[in-house]
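Trainee: Please find the sequence and the predicted model below.
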Amino acid sequence: MGAIYGLMALGFSLQYSAMRLVNFAHGESFMLGAVVGLSLTTSGAMSFLPAFVLSVLIMAAVGAAIERFLIRPLYGSSSLNIFIATIGISLVLRQLAMLLFGADAKPFPTGFGNPILSVGPATISMQQLGSLASAIVLMVALQVTLRRSRLGIAMRAVAQDEATAALMGIDCLRMKSVAYALSTALGAASGILFGSLTFVVFDMGLLMGIKGFTAAVLGGLGSMPGAILGGFLVGLIEQFAGGYLSSLYRDAISLSVLVAVMVVLPRGLVGRRGSVWGKV
């Protein structure tokens, strides 16, 4: 769960760094990724892994389209206008998913098998291990892309100083579109991994979006290492609270962590003034 929250938090941090956007609709990329992945696997067209890859690519294209036609026209207006627009996008996407997918929760076929491994007193399934490994691979791939590729360096330049990046010949609007598409793809991937462990329902993105944002704020909004750290911490806090206290308190404790961090450490555990993704 911490790895899944970490992927969600990476999406929030990517959007905030490159676009200065807190996207209330990011949770719907989580939900839509799970819905598309489930539709592809249950239709019999492909197995889990190909459906996973195709769903992530489809959602990246959807994210690019949302940025181009719904978010970009609002650039230059107040951040409040853009934030309200993302709330509207979230509501529309959620209701469309309910109309097209239905309101009932649906099980997701396992992609990594059902064997159970015993590690001392603990047990873990291959599905859980596969989801963890997939999330870590995506985290590493994102870090390598941002730090080693020309595209990643251009995105980091826009995140640090958009005006100077434009003077250097970087297409800032294109970089913002790529950042939104990548963050949507990360949300979709986390939704598929979560759905494969539990179930898929049209409103699953609302609470998961809040938890992903909590993880991003805990680590330091705009910090990639902080997003990963925050995701694992929120996952651990939530699971230990459910195990040692009650599962009824898990969500309340996650939200309490968000409030506490914003009051005590508004920059998060890793975030600091002027820091985005490190020096270009």
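Mentor: Now that the structure is in, tell me what you want to look at. Numbers count the residues shown, from 1 in each chain.
Trainee: Could you give me the buried positions within the longest helix along the chain?
Mentor: Counting by DSSP state H, the longest helix found in the chain is helix 172-197. Neighbour-count burial for helix 172-197, counted by 16 or more other CB atoms under 10 Å, picks out 172, 175-196. (Each C-beta comes from the backbone N, C-alpha and C, glycine too.)
Trainee: Run through the strands of the stretch 51-200 of the chain in chain order.
Mentor: 106-107, 116-119, 122-125, 199-200 (DSSP state E, counting those that start in this stretch).
Trainee: And those: which comes nearest Arg156?
Mentor: Of all these, strand 199-200 sits nearest to Arg156, with 34.3 Å by CB to CB.
Trainee: Can you name the element that comes right after that closest one?
Mentor: Following strand 199-200 in sequence order, the next helix or strand is helix 204-219 (DSSP states H and E).
Trainee: could you give the angle of that next one to helix 172-197?
Mentor: Calculated by axes from the mean of the first three to the mean of the last three CA atoms, to 10 degrees, helix 204-219 forms an angle of 110 degrees with helix 172-197.
Trainee: Let me know the next secondary structure element after helix 204-219.
Mentor: Downstream of helix 204-219, the first helix or strand assigned by DSSP H and E is helix 224-244.
Trainee: So for that next one, mean pLDDT?
Mentor: Helix 224-244 shows a mean pLDDT of 89.
Trainee: Which strands or helices does that helix pack on?
Mentor: Contacts defined by 3 or more CB pairs under 8 Å, 6 or more residues apart in numbering; DSSP states H and E place helix 224-244 against helix 2-19, helix 126-148, helix 204-219, helix 250-264.
Trainee: Buried residues, the longest one. List them.
Mentor: Read it as helix 126-148. For helix 126-148, by 16+ other CB under 10 Å, it's Gln127, Gln128, Gly130, Ser131, Leu132, Ser134, Ala135, Leu138, Met139, Leu142, Gln143, Leu146.
Trainee: got these as CSV, with pLDDT and distance to Ile210 columns?
Mentor: Formatted as CSV, these follow (pLDDT from 0 to 100; distance: CB to CB, whole Å):
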residue, pLDDT, distance to Ile210
Gln127, 88, 25
Gln128, 90, 23
Gly130, 91, 26
Ser131, 92, 21
Leu132, 93, 22
Ser134, 94, 23
Ala135, 95, 19
Leu138, 96, 21
Met139, 95, 21
Leu142, 94, 22
Gln143, 92, 25
Leu146, 92, 25
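Trainee: if we can go back for a sec, which helices and strands sit right next to the longest helix of the chain?
Mentor: Counting contacts by 3+ CB pairs under 8 Å, 6+ apart, helix 172-197 is packed against helix 2-19, helix 26-42, helix 48-66, helix 126-148, helix 150-160, helix 162-167, helix 204-219.
Trainee: Alright, I will stop here.
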